[in-house]
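>>> just need the structure, nothing else, for what follows:
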Amino acid sequence: MGDVCNAFFQYFSIHLDSESGVVDEAARLRYQVYCIENNFEDASRCADGREVDEYDTRSVHSIVRHKELGITAASVRLVLSIPDDPEALFPIERNCATSLQASPFHLRGIPRSSIAEISRFAVSKHFKRRLGEANHPAGVGPDPEQYVKPDLCKRRVIPHIILGLFAAIVKMSVEQGVTHWYAVMDVSLLRLLTRFGIHFRPLGEQVNYHGLRQPCYGSVDQVLAGIWVKRPDIWRLITDDGRAWPAPAQHFQSYSRGVT
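Numbering: from 1, shown residues only. Purely as a prediction, here's the structure:
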């Protein structure tokens, strides 16, 4: 499946919360990243060393684990709609209401049950070895080109970890019937994703929420179509060589050729 896949799976594996212990591992990593390293969340409300919030009960979770060491390298969750309360707000709708109201498009007309919000990107400090990475939950500093060799893997692993998380997002989306994503992303993370052909559309202005963040959205079909055309090696990793999400239909191929 190519060098990117081989490089990732040589060191890492992806685990969804259908496996025992995954939710706990994700919560403990979030505590370390969001409460201790970055002080984004109040550590005093996490007496058991696990960072959780009101959205976790309506979320699915996944982690990337380092194979040899058996430690959690990264985690991410998808916040889902609530079947009995479809109008319940997503985090982006609560925290970025002004930006969303100013946007001409807000996933209007898309069934709420088909939308999920990508949330709580977290990368373990053991895999952040570049100057400036420690202050970013996803481990992406101001200049994504300057990677050094981490002690644990002896290669440039941050991009591979992020791509592994994105592969997990696709897997979870397939299982939950999700067709559209919301996200509030660190602008440096968005730049890194763009290098890999992963494009999200902005929703309004950037906001200061745990640092500078861009509210954005994406159709799963269109995001993956753009990757398929620009970076087929990345597409193979993220979609498990098309088994999780098939190659785009002709009209999506035409769309993605226009993505810049």
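>>> and stretch 95-115, how far apart are its ends?
Start and end residues of stretch 95-115 are separated by 17 Å (CA to CA, to the nearest Å).
>>> give the buried residues for it.
Buried residues in stretch 95-115, counted by 16 or more other CB atoms under 10 Å: 95, 96, 99, 100, 103, 106, 107, 112, 114, 115. (C-beta placed from N, C-alpha, C; glycine too.)
>>> now do it, average pLDDT.
For stretch 95-115, the mean pLDDT works out to 82.
>>> run through who's touching that stretch.
Here stretch 95-115 makes contact (CB atoms under 8 Å, 6 or more residues apart in numbering) with 81, 83, 86-87, 90, 92-93, 177-182, 184, 201-207, 209, 213, 215, 217.
>>> among these, which ones are in strands?
Among the contacts of stretch 95-115, the ones falling in strands (DSSP state E) are 180, 181, 182, 184, 201, 202, 207, 213, 215, 217.
>>> which one is residue 181 nearest to, not counting chain neighbours?
Counting by CB to CB, 6 or more residues apart in numbering, residue 218 is the residue found nearest to residue 181 once chain neighbours are left out, at 5.0 Å.
>>> same question, residue 163
residue 237 (5.7 Å).
>>> quick one: the helices in the stretch 51-200 of the chain, in order.
Taking DSSP state H, counting those that start in this stretch as the test, the helices found in the stretch 51-200 of the chain are 91-95, 97-101, 158-176, 187-195.
>>> could you say which of the ones you listed is packed most deeply?
Most buried of these by mean neighbour count (mean count of other CB atoms under 10 Å) is helix 158-176; its value is a mean of 22.
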